[in-house]
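K.L.:
Predicted model follows, preceded by the sequence.
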Amino acid sequence: MSSQRSTILLADDDPTIADSLAPFLERAGFHVLVVSDGVSALEKAQAHQPELIILDVLMPRMDGRETLRRLRKAKIWTPTILLTQVGEASERALALEEGADDYLNKPFDPHELLARIRAVLRRVRPGERSLSAAWLLSAHDLSLDRRARRATLGGQTVELTPKALAVLEYLMTHPDEAVTRERLLEAVWGWAYPAGTRTVDTRMAELRRALNDDPAEPRFIETIPGEGYRFIAPVRGEG
Amino acid sequence: MVKRSWLNLLLVFLPLLAGIVEFILITIWAQSLPPFMVTADFGIFALVFGMTIRNLGIVALLTGLFITGVLLILYNRAVRRQEQMQMRLEEARREAEQARRSFLRRLDHEIKNPLTGLRAALVNMQEVRSETDRQRAVENASHAVERLTRLLTDLRKLSDLGERPIELWQVDVPDLLQDVVDAAKMLPEYKGREVSLLIPKVPSPFPTITGDRDLLVLAIYNLTENALKFTCETDSVEIRLGEDGRAILIEVADSGVGIPAEDISKIFEELYRGSNARSTEGSGLGLALVHRIISLHGGTITVRSSQEEPRGTVFTVRLPVSKKGFALRPSR
């Protein structure tokens, strides 16, 4: 029944990674196409129209970023996970700029990749431009200008630390998704920190205070006990 | 840039050469003049210098000699300074090269061990028959992968720290230290132990520091983790806070085995492992990270340790207190 399985295009030039990940994803119920460079990834993406693309950043002939840029330029909105080094703020900004739907740091646990794939497939509607590719995000009276790194609430600028802003950005681009504290740490901080979960909670408290969001009756961020957080307001993307 | 070269030397001796030429020309010229003109004084010229045409040549020669002498002294001084600077540069380059080599050697060692464990575990996975042995091989393989991942993560932290700007916000230090103690409680080494946190009641509120709270937590946590690693249940571990008006002092002290004197100067080097730390697990980058973080905050870290009674180790971190009216903005 391979026709009912979602197709994933996996582009990684390291055969030890591709050869191990492909059977793992196949076992998880996906049909996997493997390519080893950006040019082939671009061709296969256009020819086979997979449901999701996984792109490594460093690849011969055309790197993952350029591949993703060209896909988006050609209005191909296939959800894409970038295997990148997002510890650095500039790298994360780049990954978002190119319209990646999610990103994962190498080395990663294959189960984490699987969780990311499932979350992205649940979130993104086929053929539609995802929130990750939008520069202006808005929910109720809250809007986030990702390029200017500025959030406003009811037209008033919200004073936020860069980390809290990055947390807000991650939550708004992953609305209605249960985001664990560990995931936030990896995506926003880039490293695992000691007292990590408390670190996330501190920033979340800051964010809630700035957004006048009551944890008991949240308009924006809901706490999922024992799990993490969820952005519950409907998010629109522009630009 | 003044270099030792023939051209430069020629330029230095040019005034002397000119003086000699002038002396010869004047002497020859003086011979063709009538005797009274050679020895006679010449008005104002003579009043000022009291000289004759003949000793005018000597004056030119001496002036040339003087200028050359001065130039020679200046030239030598500049060249020596230049050479010293080059020597220092060369020495720094040699030291950097040596540090790079020793870093690679240490890295090789740190990677080799878990990799050997991983290979052995893979062989065991293929060859062992019983499910229990296979399970043990899988656990060993996972453990080796975890060690490699930890090493890689710490290397990335170190390189990230050199490249990205740190956030600068006001940090409440007692609160930060409480977070460190809470996080340390999750460590397996903490079992059956206690970390005493000593926070003074005065001044109140305690002065704040300006910096990246997450990074500072990481630094003090690393010191605390180390203290717990190198002590046993009967030893004490303390985190003490103090201030002297200009700086905040955080001390992480333990009554453990202490650091050998020959290791003290090297413990902040990347991947350096002291002789009594080799059997203890860790990436070998923890203290290098602490040093980098504290330096990025304009602070200092020092260590004193004794292996004889009263034995123990004290790491002292000094961080400048926030200036009054400091604008709370990130360093972007």
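P.N.:
Yep, it's here.

K.L.:
which residues are contacting the helix or strand where residue A:103 lies?
P.N.:
Per DSSP states H and E, residue A:103 falls inside strand A:102-104. Applying CB atoms under 8 Å, 6 or more residues apart in numbering or on different chains, the contact partners of strand A:102-104 are A:81-84, A:86, A:92, A:95, A:112-113, A:116, A:119-120, A:132, A:174, A:187. C-beta coordinates here come from the backbone N, C-alpha and C atoms, glycine included.

K.L.:
Same question for stretch A:49-67.
P.N.:
Here stretch A:49-67 makes contact (CB under 8 Å, 6+ apart) with A:6-14, A:17, A:33, A:36-42, A:44-45, A:68, A:70-71, A:78-85, A:94-95, A:98, A:100, A:113, A:117, A:120-121, A:126.

K.L.:
And residue A:7, its phi and psi?
P.N.:
Backbone torsions of residue A:7, given as degrees, to the nearest 10, read phi -100, psi 130.

K.L.:
Do you know the pLDDT at it?
P.N.:
We have a pLDDT of 92 for residue A:7.

K.L.:
Just list whatever residues bridge to it.
P.N.:
Applying DSSP bridges to residue A:7 yields these beta-bridge partners: residue A:31.

K.L.:
Let me see the confidence value for residue B:298.
P.N.:
For residue B:298, the model assigns a pLDDT of 91.

K.L.:
Contacts only, for it.
P.N.:
So residue B:298 contacts B:319, B:320 (CB under 8 Å, 6+ apart).

K.L.:
Recalculate using a threshold of 7 Å.
P.N.:
Contacts for residue B:298 (CB atoms under 7 Å, 6 or more residues apart in numbering or on different chains) come out as residue B:320.

K.L.:
so it sits in a strand?
P.N.:
No - secondary structure of residue B:298 (DSSP: H, G, I helix; E, B strand; the rest coil): coil, not part of a strand.

K.L.:
Check the burial of residue B:146 by counting its neighbours.
P.N.:
Residue B:146 sits with 12 neighbouring residues when counted by other CB atoms under 10 Å in any protein chain shown.

K.L.:
And the strand or helix carrying it, what does it pack against?
P.N.:
Per DSSP H and E: residue B:146 is located in helix B:131-163. Under the contact definition 3 or more CB pairs under 7 Å, 6 or more residues apart in numbering or on different chains; DSSP states H and E, helix B:131-163 sits against helix B:53-127, helix B:286-296.

K.L.:
Let me know the angle separating it from helix B:286-296.
P.N.:
Orientation note: helix B:131-163 sits at an angle of 20 degrees relative to helix B:286-296 (axes from the mean of the first three to the mean of the last three CA atoms, to 10 degrees).

K.L.:
Could you identify the helix or strand that succeeds helix B:131-163?
P.N.:
With DSSP H and E, the next secondary element past helix B:131-163 is strand B:169-171.

K.L.:
Quick check: the residue of the stretch 201-332 of chain B nearest chain A.
P.N.:
residue B:221 (4.1 Å; CB to the nearest CB).

K.L.:
okay, now that residue: neighbour count?
P.N.:
24.

K.L.:
Scan the helices and strands of chain A for the one with the lowest mean pLDDT.
P.N.:
Ranked by mean pLDDT, DSSP states H and E, the helix or strand of chain A with the weakest confidence is helix A:89-97, at a mean of 57.

K.L.:
Pull up the gap between residue A:221 and chain B, please.
P.N.:
In this view, residue A:221 and chain B are 20 Å apart by CB to the nearest CB, to the nearest Å.

K.L.:
Can you pull the phi and psi angles for that residue?
P.N.:
The phi and psi values for residue A:221, taken as degrees, to the nearest 10, are phi -110, psi 120.

K.L.:
ok, which stretches of chain A are strands?
P.N.:
Taking DSSP state E to define them, one finds strands in chain A at A:7-11, A:31-35, A:52-56, A:80-83, A:102-104, A:136-139, A:142-145, A:150-153, A:156-158, A:179-180, A:221-224, A:228-231, A:236-238.

K.L.:
Would you mind giving those strands as TSV with mean neighbour count added?
P.N.:
Listed next are the strands of chain A as TSV, based on neighbours: other CB atoms under 10 Å in any protein chain shown:
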stretch	mean neighbour count
strand A:7-11	23
strand A:31-35	20
strand A:52-56	26
strand A:80-83	26
strand A:102-104	23
strand A:136-139	18
strand A:142-145	20
strand A:150-153	17
strand A:156-158	13
strand A:179-180	19
strand A:221-224	16
strand A:228-231	22
strand A:236-238	14
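
K.L.:
For residue A:138, which non-adjacent residue is closest in space?
P.N.:
residue A:236 (5.2 Å; CB to CB, 6 or more residues apart in numbering or on different chains).

K.L.:
Settle this for me: that neighbour is touching residue A:142, isn't it.
P.N.:
No - using CB atoms under 7 Å, residue A:236 is not in contact with residue A:142, being 10.9 Å away.

K.L.:
Which residues lie in contact with residue A:120 in this structure?
P.N.:
A:52, A:79, A:81, A:101, A:102.

K.L.:
run the last query once more with 10 Å
P.N.:
Contact analysis of residue A:120 by CB atoms under 10 Å, 6 or more residues apart in numbering or on different chains lists A:51-52, A:54, A:79-81, A:100-102, A:130, A:132, A:174, A:177.

K.L.:
Would you check how far apart residue A:18 and chain B are?
P.N.:
19 Å.

K.L.:
and stretch A:105-113, average pLDDT?
P.N.:
On average, stretch A:105-113 scores 86.

K.L.:
what sits against the residue of the stretch 201-332 of chain B closest to chain A?
P.N.:
Contact partners of residue B:221, counting by CB under 10 Å, 6+ apart, are A:193-195, B:176-177, B:179-181, B:183-184, B:187, B:252, B:286, B:290.

K.L.:
Please name the bridge partners of the residue nearest the centre of chain A.
P.N.:
Residue closest to the mean C-alpha point of chain A, counted by CA atoms, centre = their mean, is residue A:102 at 2.1 Å. Note on residue A:102: beta-bridge partners by DSSP bridges are residue A:81.

K.L.:
Roughly how far does it sit from residue B:182?
P.N.:
Distance, residue A:102 to residue B:182, using CB to CB, to the nearest Å: 31 Å.

K.L.:
Same check on residue A:205?
P.N.:
Distance, residue A:205 to residue B:182, using CB to CB: 16 Å.

K.L.:
One more: residue B:12?
P.N.:
To residue B:182, residue B:12 is 71 Å away according to CB to CB.

K.L.:
Between those two, point out the one with more neighbours.
P.N.:
Using other CB under 10 Å as the criterion, residue B:12 and residue B:182 rank with residue B:12 on top: 19 against 13.

K.L.:
Residue 195: what's it in contact with?
P.N.:
The chain I'm using is chain A. Contacts of residue A:195 by CB under 10 Å, 6+ apart are A:201-202, B:176, B:178-184, B:186, B:214, B:217-218, B:221.

K.L.:
think we crossed wires, I meant chain B
P.N.:
By CB under 10 Å, 6+ apart, the contact list for residue B:195 reads B:177, B:180-182, B:184-185, B:187, B:224, B:227-228, B:236-239, B:252, B:254.
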